[in-house]
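# next come a sequence and a model predicted from it.
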Amino acid sequence: MENELSPTVLAFEYLRREKENLTPAQFLKRFKQLQLEFADLMELSYIELQEEIVFAHRLGIH
């Protein structure tokens with residue numbers, strides 16, 4: 001069993017836990033969007049990631 005986190009795994013797990021009912025097309029669109037977002041986040045340095053978290057917190061995004 002592979003335990004390595006990848007943008008694909010993170011996107012799937014995120015959507016799996018969502019309560020929102022999506023059509024198959026909506027699911028695929030959201031899945032691709034999340035894959036790109038997680039890939040971007042995984043490329044950030046520790047300092048850049050901290051800055052993103054602080055910025056999101058200021059906007060009220062948790």
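Alright, I've got the coordinates. Numbers count the residues shown, from 1 in each chain.
# and K19, backbone torsions?
Reported as degrees, to the nearest 10, the phi and psi values for K19 are phi -90, psi -10.
# and L44, by the same measure?
Phi and psi for L44, reported as degrees, to the nearest 10, are phi -70, psi 150.
# just to check, it is in contact with E52?
Yes. The criterion here is CB atoms under 8 Å, and L44 meets it with E52 at 6.7 Å. Heads up, the C-betas are built off the backbone N, CA and C, glycines and all.
# what ranges does the chain have for its helices?
For the chain, the helices defined by DSSP state H occupy 7-17, 24-42, 46-59.
# can you show me the CA trace of stretch 53-62 as PDB?
C-alpha atoms of stretch 53-62 as PDB (Å, rounded to 0.1, in the frame of the first residue of the first chain):
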ATOM      1  CA  ILE A  53      -2.000  30.300   5.700                       C
ATOM      2  CA  VAL A  54      -1.800  33.700   7.400                       C
ATOM      3  CA  PHE A  55      -3.300  35.400   4.400                       C
ATOM      4  CA  ALA A  56      -6.200  32.800   4.200                       C
ATOM      5  CA  HIS A  57      -6.700  33.300   8.000                       C
ATOM      6  CA  ARG A  58      -7.000  37.000   7.500                       C
ATOM      7  CA  LEU A  59      -9.600  36.500   4.800                       C
ATOM      8  CA  GLY A  60     -11.600  34.200   7.100                       C
ATOM      9  CA  ILE A  61     -10.800  31.100   5.100                       C
ATOM     10  CA  HIS A  62     -10.000  28.100   7.300                       C
END
